[in-house]
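> The amino acid sequence is not available; the structure is as follows:
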C-alpha cells in the first residue's frame, strides 16, 4: 500500500511538473527555469581565477541567472579528480585506481534532478598515467549513466597543460576522440587555449603551467555559453509523468 501511495504522489508531482514545463517553455528561454550540474576537477572548481567570480562556472551561473534569476548551476567539481572519481557509484574501479566519489560523481549529479550536466576534466587522467582507452571508456560510462536517466550531457575536451611530449600526445588524441564521439555536445576548450606545440598558451597561464588565469576562464565561459544549452532545453519536449516515474524508478 505504501508503494501505491508513493506511485500516486510521484504521478501527481510529475503531471504538475510537466504542465508547468509546457506552460513556461512556450515562449523564449528566459521563461524556462533550468538546473545545470557541473562535475569535474580543478578548472571547474575555479582554480587560478581571482576573484572567484571570474571562474568559468561562476561566470556561467551569473549569465544564466541574468536570463532568469531562478536558474541554477550546481558545482560538484573537485581539484585533482579524474574520470575514475566521476564514474557511477555502482561501479568498482580496477586495482590501484580511485573509487567513485558518491558526493561529486555522475550519480550524485543525477540525484540532484538536473536538466543538463557538464563534464569538465582537463588533464588529470594523463597526469596520472591513464591510457587513452581508459579515459574514453570512463567518459562513456559517465555519459551513458546520465543518458539512462534522460539527462543530456555536454563534455568538455581535454585542456592543454605544460606536459612532456608523450602526455601532450595523449591529451591531443583524447581531445580529438571526444570531439568525434560527442560531436554537437562537446565543448572544445583545447583549440582556444593551446599553443601549436600543445602546451598551454602563456596568455591563459595562471603561472603554474596547469591552471587558467581569468582570461582562460573567460574563454571557457564563452565556449560553454556558445553551446546554447538553455535554447536546447527549451526545444526538448516535456516528458510524460510515466516517463519521469520510470526513469526515477530505474535510477533508484
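Good, I have the coordinates. In this text the structure is predicted, and so the values were computed from the model without any measurement. Residues are numbered from 1 along each chain as shown.
> so what pLDDT did residue 235 get?
Looking at residue 235, its pLDDT reads 89.
> Tell me how many other residues crowd it.
The number of residues packed near residue 235 is 10, by other CB atoms under 10 Å. Quick note: C-beta positions are derived from backbone N, CA and C, even for glycine.
> quick one: it and residue 112, what's the gap?
22 Å (CB to CB, to the nearest Å).
> what does residue 80 give?
Using CB to CB, one gets 22 Å for the distance from residue 80 to residue 112.
> Over to residue 106?
11 Å.
> and these two? which has more neighbours close in?
The residue with more neighbours, out of residue 106 and residue 112, is residue 106; 26 against 14, by other CB under 10 Å.
> For the more buried one, grab phi and psi.
The phi/psi pair for residue 106 (degrees, to the nearest 10) reads phi -70, psi -30.
> any weak-confidence spans in this protein?
1-29, 237-252 (pLDDT under 70).
> What ranges does it have for its strands?
35-40, 72-75, 116-120, 153-156, 186-187 (DSSP state E).
> Using TSV, please lay out the ones you listed together with distance to residue 132 and mean neighbour count.
Shown next, in TSV, are the strands of the chain (distance: least, CB to CB, whole Å; neighbours: other CB atoms under 10 Å):
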stretch	distance to residue 132	mean neighbour count
strand 35-40	19	24
strand 72-75	27	18
strand 116-120	17	25
strand 153-156	15	22
strand 186-187	16	20
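> could these be laid out in a markdown table, adding distance to residue 217?
Converted to a markdown table, the strands of the chain look like this (distance: least, CB to CB, whole Å):
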| stretch | distance to residue 217 |
| --- | --- |
| strand 35-40 | 13 |
| strand 72-75 | 13 |
| strand 116-120 | 11 |
| strand 153-156 | 13 |
| strand 186-187 | 14 |
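> which one of those strands lies closest to residue 46?
Closest of those to residue 46 is strand 72-75, at 8.1 Å (criterion: CB to CB).
> doesn't residue 126 make contact with residue 170?
Yes. Shown here, residue 170 and residue 126 form a contact pair, counting by CB atoms under 8 Å, at 4.7 Å.
> of the two, who's got more company?
With neighbours defined as other CB under 10 Å, residue 170 and residue 126 compare such that residue 126 has more, 25 against 20.
> dump the residue contacts of that one.
135, 158, 161, 163, 167, 170-171, 174 (CB atoms under 8 Å, 6 or more residues apart in numbering).
> swap the cut-off to 10 Å and go again
Counting by CB atoms under 10 Å, 6 or more residues apart in numbering, residue 126 touches 82, 132, 135, 158, 161, 163-164, 166-174.
> ok, back up a step: which neighbours do residue 170 and residue 126 have in common?
Joint contacts of residue 170 and residue 126 (CB under 10 Å, 6+ apart) are 132, 135, 158, 163.
> Measure how buried the closest residue to the second one other than its chain neighbours is and give me the count.
Think residue 135. Closest residue to residue 135 apart from its sequence neighbours, by CB to CB, 6 or more residues apart in numbering: residue 125 at 4.7 Å. Residue 125 has 26 neighbours, counted by other CB under 10 Å.
> Please look at residue 125 and residue 80 and confirm they touch.
No. If you go by CB atoms under 10 Å, residue 125 and residue 80 don't touch, sitting 11.4 Å apart.
> what do these two both touch?
Shared contacts of residue 125 and residue 80 (CB under 10 Å, 6+ apart): residue 41.
> quick one: residue 74 and residue 82, what's the gap?
Residue 74 sits 21 Å away from residue 82, going by CB to CB.
> Sorry, wrong one. I was asking about residue 44.
13 Å.
> From the neighbour counts alone, determine which of these two ranks first.
With neighbours defined as other CB under 10 Å, residue 44 and residue 82 compare such that residue 44 has more, 25 against 22.
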